[in-house]
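Chemist: pasting the sequence and the predicted coordinates here, then a few questions.
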Protein chains: 2
Amino acid sequence: MKVLVLGADGYLGWPLSLRLAIKGHEVMGIDNLATRRAVEEIGSNSAFPLPSPQERVKEAKRILGVNIDFSIGDITNKEFLREAIKSYKPDAVVHFAEQRSAPYSMKDLDHAVYTVRNNLESTLNLIYLVKDIDPSIHILKMGTMGEYGTPNFDIPESPFVDAIVNGKNDKIFTPRWGGSVYHMSKIFDSYFLAYFNRIFNLTITDIMQGPVYGTRTSEIVEESLRTRFDFDETWGTVVNRFCVEAILGIPLTPYGKGGQTRGFLSLEDSINALTLLLENPPKREEYRVVNQFMEIYSINEIAEIVKRAGEDLGLDVTINHVENPRVEAEEHYYNPERKVLPALGYKPKKNLAEEVKIMIEDLIPYKERLERYKTAIMPKTKWKS
Amino acid sequence: MKVLVLGADGYLGWPLSLRLAIKGHEVMGIDNLATRRAVEEIGSNSAFPLPSPQERVKEAKRILGVNIDFSIGDITNKEFLREAIKSYKPDAVVHFAEQRSAPYSMKDLDHAVYTVRNNLESTLNLIYLVKDIDPSIHILKMGTMGEYGTPNFDIPESPFVDAIVNGKNDKIFTPRWGGSVYHMSKIFDSYFLAYFNRIFNLTITDIMQGPVYGTRTSEIVEESLRTRFDFDETWGTVVNRFCVEAILGIPLTPYGKGGQTRGFLSLEDSINALTLLLENPPKREEYRVVNQFMEIYSINEIAEIVKRAGEDLGLDVTINHVENPRVEAEEHYYNPERKVLPALGYKPKKNLAEEVKIMIEDLIPYKERLERYKTAIMPKTKWKS
């Protein structure tokens, strides 16, 4: 299979590229390196030093013996993306090339506009170009479980759902409500994918993924193969941030009451699941929605797990709830459906409690580097600024 | 009241500016004249010749004795919009400055991207600038009944609605499903308005309006005061297009079966209702949704009404269903709620059958001009291109 990975320099994009290459697929990666710049913009950096894309590709060849093509470019430039798809002729395009931080999108007007523009225009470009060049190409797009918000119903794993509205039965687009401009941009992406699936007969997997944690996949066997790891208030997801806080002796910082509940999964499980979905595409012209997560935890539970793991490793870990900078429900119902991955036989390989220990062990050697970006960890980006 | 009208050169923006000025309000209009250019781009033009904005303002002064400030500029430029709001200090901002054509948005990728960019960035700019400058400013934004699609339930006139989803009760964002990139962009606008109403405590009226027809309001007493009137397949709404077809001896062209049903209103009633909503703003920090239409008709009924009106005026009018270039339900349930305008005591002043005769009479003197743009009337923009 030939796979074009958009956003191949990212937390998921790089290990997915390695995995696909190791499994014998042809991989071409594209990235505009926007995340590298945007993380530096807020005074932070990856926990692990990042080789340049050119060095990454060389190291993948040297260590794993695989060939990955890599091209630097921006897919909001439709001519660049057209050339890439036309010349590479992929069987599948993976679209990770979005601004992926909720706090970043909420900083101010410019960051809001940038997020909407980048995410919607990249998606529209991809939709129209796949339609023009070869509508049989499987589009696998990264969405987020956060598109659903925290509803009182069991979140369906389907684009449309039976509902009774105003007393009458109908099939409606699965209700969505986002908690930031970033989340809204992902909701809008889903509207477009569901719409153009029907209009242009496209074949799409739209992944509603929970927060990912972890430092490793089975291909990450040397430092030079590591993927980026963000831990600051803007770019770090909660488990990753807590692990770094534990190492730096900063109290773990649940926002508000900490009853916020989400579905989590390890980096290894994310990459496994993505690979499985690429190798088992939906039926031609199907719009397949996947709720992708493995374990459900509240933020308080996450904090307790990281605390115990840290203490087992001799760290002195405390928990200190801080004022919630976000506007979100801090206690709520949460029960999303999961059918697609189980039906494909998927079983998670990792669990949070064990993986967190490995993460802390992986991160401890970088403590001096992490200290340098300490000031970027505590929440500064307030939703109601 | 001081009102800043964004999109003041448009079909609704100009007569609303006249009405507000006549009623003693201070009016500043802004427009980038994009619709003038975009209508010419597809080889069409307004049925009535349009004076320049400067001439319009002069004529309004000469004939009606009112002062309207007018400034040419693009509100997707945030510095331009910031200056306008800061210096003018309006009590209300009317946001009509959007790309308003579904077929235009469906022409190709560039038109899709332009529509999303123009509509979402103008709305985001307005939201953030009102928050920064004065959150008490009333934002009155033009949406469309088309945001709801054609559901089987009675369309609520509220941002959120009680529903049973997957067997459980919840309050959800009123379900929306758009039939074009344009409609999707309006849905996304509504998500942002509903969201930022909560985050920034903004005061908003979001108008879900049906298709407007008509050539007149009570202020349009001479040719130089006329508002633009579009009749081509891209920019003309159905009643306006049918009236011109009747005059030109082209068969009226319902798309497909013609059972598509919508809520319509006259230009005069639209302007009356908008003025009433401006003069009766919602409570501070309220997000008020208004379903704004007066009469419900199917396209077949519209065609019959225009046919009869034309025949009464001595025209030879036929009806010829053409292949539907759009993807839409051609027969469906349609029952939207209306409470807000009736609660304000609003009663429609016009009805379709009478108004259509006046429209045809108004348009007949321009027959030679209409002939020039005849080729722009028949549907060319196909959704499944």
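Modeler: Thanks, I have the structure now.

Chemist: ok, which stretches of the stretch 201-350 of chain A are strands?
Modeler: A:203-209, A:212-213, A:261-266, A:287-292, A:295-298 (DSSP state E, counting those that start in this stretch).

Chemist: just so I know, which of those strands lies nearest chain B?
Modeler: strand A:287-292 (12.8 Å; CB to the nearest CB). Glycine gets a C-beta too; all of them are placed from N, C-alpha and C.

Chemist: list the buried residues for the longest helix along chain A?
Modeler: Determined from DSSP state H, the single longest helix within chain A is helix A:109-133. Within helix A:109-133, the residues scored as buried using 16 or more other CB atoms under 10 Å in any protein chain shown are A:109, A:111-131.

Chemist: among these, which are within reach of chain B?
Modeler: Among these, proximity to chain B is found for A:109, A:112, A:113, A:116, A:117, A:120, A:121, A:124, A:125, A:128, A:129 (CB under 8 Å from any CB of the partner chain).

Chemist: give me phi/psi at residue A:69?
Modeler: phi -80, psi 140 (degrees, to the nearest 10).

Chemist: list the residues that contact it.
Modeler: Taking CB atoms under 8 Å, 6 or more residues apart in numbering or on different chains as the contact definition, residue A:69 lies against A:27, A:28, A:29, A:57, A:88.

Chemist: the same query, at a cut-off of 10 Å, please.
Modeler: Counting by CB atoms under 10 Å, 6 or more residues apart in numbering or on different chains, residue A:69 touches A:4-5, A:8, A:17, A:21, A:26-30, A:57, A:84, A:88.

Chemist: what about those residues, which are in helices?
Modeler: Reading helices off the contacts of residue A:69 with DSSP H, I get A:17, A:21, A:57, A:84, A:88.

Chemist: what about the closest residue to the last one other than its chain neighbours, distance to residue B:249?
Modeler: What that stands for is residue A:88. Residue nearest to residue A:88 in three dimensions, not counting chain neighbours: residue A:28, with 5.1 Å by CB to CB, 6 or more residues apart in numbering or on different chains. Distance of residue A:28 to residue B:249, computed by CB to CB, to the nearest Å: 57 Å.

Chemist: of the two, who's got more company?
Modeler: Neighbour count, other CB atoms under 10 Å in any protein chain shown: between residue A:28 and residue B:249, residue A:28 has more, with 21 against 14.

Chemist: my read is that residue A:108 contacts residue B:132, right?
Modeler: Yes - Residue A:108 is within contact range of residue B:132, at 9.3 Å (criterion: CB atoms under 10 Å).

Chemist: follow-up on the earlier one: dump the strands of the stretch 201-350 of chain A to TSV, plus mean neighbour count.
Modeler: Formatted as TSV, those follow (neighbours: other CB atoms under 10 Å in any protein chain shown):
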stretch	mean neighbour count
strand A:203-209	23
strand A:212-213	23
strand A:261-266	23
strand A:287-292	23
strand A:295-298	18
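
Chemist: would JSON lines of those with mean pLDDT and distance to residue A:147 be doable?
Modeler: As requested, these are exported to JSON lines (pLDDT from 0 to 100; distance: least, CB to CB, whole Å):
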{"stretch": "strand A:203-209", "mean pLDDT": "98", "distance to residue A:147": "6"}
{"stretch": "strand A:212-213", "mean pLDDT": "98", "distance to residue A:147": "16"}
{"stretch": "strand A:261-266", "mean pLDDT": "98", "distance to residue A:147": "12"}
{"stretch": "strand A:287-292", "mean pLDDT": "98", "distance to residue A:147": "10"}
{"stretch": "strand A:295-298", "mean pLDDT": "97", "distance to residue A:147": "17"}
